[in-house]
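Asker: predicted model follows, preceded by the sequence.
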Amino acid sequence: MPIRTRFAPSPTGLLHIGGVRTALFSWLYARRHGGKFILRIEDTDRERSTEEATQVILDGMQWLGLVHDEGPYYQTRRMDRYREVLAQFLAAGHAYRCYCTKEELEEMRARQMAVKAKPRYDGTCRHRTEPRAGVDPVVRFKNPVDGNVVVEDVIHGNVVFDNAELDDLIIARSDGTPTYNFCVVVDDMDMQVTHVIRGDDHLNNTPRQINLLRALGTPTPVYAHVPMILGADGAKLSKRHGAVSVLQYRDEGYLPEALLNYLVRLGWSHGDQEVFSLEELQQLFDIRDVNKAASAFNPEKLLWLNQQHIMRAAPERLAEFLKPQLAALGVAVTDDRTLVAAVKALQVRAKTLREMAQNSLFFFRDFTGYDEAAAKKILTAESVAPLRSVRDKLSALDEWTAAGAHEAVNQTATELGIGLGKVAQPVRVAVVGGSVSPPIDVTLEVLGRQKTLARLQLALEYAARQ
RNA sequence: GCUCCCAUCGUCUAGAGGCCUAGGACGGAGCCCUCUCAAGGCUUAAACCGGGGUUCGAAUCCCCGUGGGAGCGCCA
């Protein structure tokens, strides 16, 4: 039987890294086994579902490359099907109409809590035959009263639930609309989902769903309940760290493969390997190897992985990602060759694309002033001689290359009998405005003759005044 | 409260009874390389939640605590 997995988010909040990780696991598992990955939007809660959230899910999945093979299915478009199964349930005696009011249910819960019992429906309407006037009934599933349900979970092993702990859950509201657990079960059946991979906050729902599936007379899928992601402080994931739209990571300059690499390593490992390409993951990942314990989100490791992936990425591809980052800083790049050259120069020294954009600014536009500390320390009267020498040698260059620039700097140092730093640093501050940049020779090459010479001239004048 | 889940360095993890003097990675400290910043290399501090068993032997198996998490909704 072909493997079929699904990701079934509800568009009630933003797609964040917790959701992305379960999506990733489902996607990888399907890929690994040549199966299909289905996207299903669980939007039955019309009150809280939003267009915006749906769009974030779609855009986020696309940015990450977690492409679905089927869907997206929308539960709101499957209402007829749910009603059909609902009618079957009622007809077969698997479900019944319950006329208890919300107020009555609340009272019941309060009473149960008062005696330290687990709040649950007592089955009052189970055997009711007559409707109650003035009450629109809900539909409840007739859960087995005894015996137990064993969830065979590939991550947690067998988890046993007594049916006595479960109650008759509502599968349709008084307005006739179906509820979550019911829709999920019908969908998973109809879509022939073979592996349900989801957060372990759903583990407690699973026995109910299994009972529903049994009533439907359909086989149960394989379950894998993956542990949750905690915030960096070990508490619940919050806005402060990670519970933001995944698209924010894109905007902050993270590479999709870096985020995915980070998330897959939360609860999964392969020997001592830390950096994985998407191709490797598709070959190596197995849901069976995922840990049981929740793990804390560590932004610093994500940052490190992002840098690792930036170092390994194709410069041309990075250049495309860099454009919007530069645009956000007010720079519209038209010269792709220079952009790619800048990327290559900065590739090993940027943790994010945003940082790369910031550090490449001087290639594309003139800076307004020198970094104060750097200028004070480096563009001194002492720097006039080396700056002048480098400028002269550079202007005499026939071909503008890194090798030529290298020679100019080295020869200057030799001729003046000073260290390389005494030459390179003034030049650096002169052309970039601060004391940090890629190696000075490649910096000059990428910057080009015109800008280099002009900026050296300005620095020379500045230094002469010191 | 009840039910379920979980528990190795600060964090992510390796570890499926002897290979553990508990390994790797991020982060920290130090050194090397070096024109700056990175990258890279080397070194270093840092953990088996507690208590009972089982066993010749336990981080690994069992039980009990403790701590954390989830669920208990006409939310998903």
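Answerer: Here it is on my side, so go on.
Asker: contacts only, for residue A:384.
Answerer: If you count contacts by CB atoms under 8 Å, 6 or more residues apart in numbering, residue A:384 has them with A:460, A:463-464. From N, CA and C alone the C-beta is placed, and that goes for glycine too.
Asker: low-confidence ranges, the stretch 201-350 of chain A, go.
Answerer: A:238-243 (pLDDT under 70).
Asker: cool, and the stretch 51-200 of chain A?
Answerer: For the stretch 51-200 of chain A, no stretch has pLDDT under 70.
Asker: could I get the full set of helices for it?
Answerer: Counting by DSSP state H, counting those that start in this stretch, the stretch 51-200 of chain A has helices at residues A:51-64, A:79-92, A:102-114, A:180-190.
Asker: list the contacts of the third one.
Answerer: I take that to be helix A:102-114. For helix A:102-114, the external contacting residues (CB under 8 Å, 6+ apart) are A:100, A:118-122.
Asker: for RNA strand B, find the nearest of the helices of the stretch 51-200 of chain A.
Answerer: Set against RNA strand B and scored by CB to the nearest atom of the strand, the helices of the stretch 51-200 of chain A come closest in helix A:180-190, at 3.2 Å.
Asker: show me what the closest one is packed against.
Answerer: Using 3 or more CB pairs under 8 Å, 6 or more residues apart in numbering; DSSP states H and E, the elements in contact with helix A:180-190 are helix A:79-92, strand A:170-172, helix A:206-216.
Asker: I'd say residue A:380 and residue A:466 touch.
Answerer: Yes. Assessed by CB atoms under 8 Å, residue A:380 is found in contact with residue A:466 at 5.3 Å.
Asker: about what we covered before: need the helices and strands packed on helix A:180-190 in CSV with mean neighbour count and distance to RNA strand B, can you?
Answerer: Below are those laid out as CSV (neighbours: other CB atoms under 10 Å; distance: least, CB to the nearest atom of the strand, whole Å):
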stretch, mean neighbour count, distance to RNA strand B
helix A:79-92, 15, 11
strand A:170-172, 23, 4
helix A:206-216, 21, 8
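Asker: identify the residues contacting residue A:319.
Answerer: A:336, A:339-340, A:343.
Asker: count of neighbours near residue A:114?
Answerer: For residue A:114, the neighbour count with other CB atoms under 10 Å is 8.
Asker: look up how far residue A:102 lies from it.
Answerer: Note on residue A:114: its distance to residue A:102, by CB to CB, to the nearest Å, is 19 Å.
Asker: please apply the same query to residue A:81.
Answerer: From residue A:81 across to residue A:102, the span is 27 Å (CB to CB).
Asker: same question, residue A:462
Answerer: 76 Å.
Asker: so between those two, which is more surrounded?
Answerer: Higher neighbour count among residue A:462 and residue A:102: residue A:462, with 18 against 9, using other CB under 10 Å.
Asker: relative to residue A:440, which of the helices and strands packed on helix A:180-190 is closest?
Answerer: helix A:206-216 (61.6 Å; CB to CB).
Asker: quick one on the thing from earlier: including distance to residue A:29, could the helices and strands packed on helix A:180-190 go into TSV?
Answerer: Formatted as TSV, the helices and strands packed on helix A:180-190 follow (distance: least, CB to CB, whole Å):
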stretch	distance to residue A:29
helix A:79-92	26
strand A:170-172	29
helix A:206-216	18
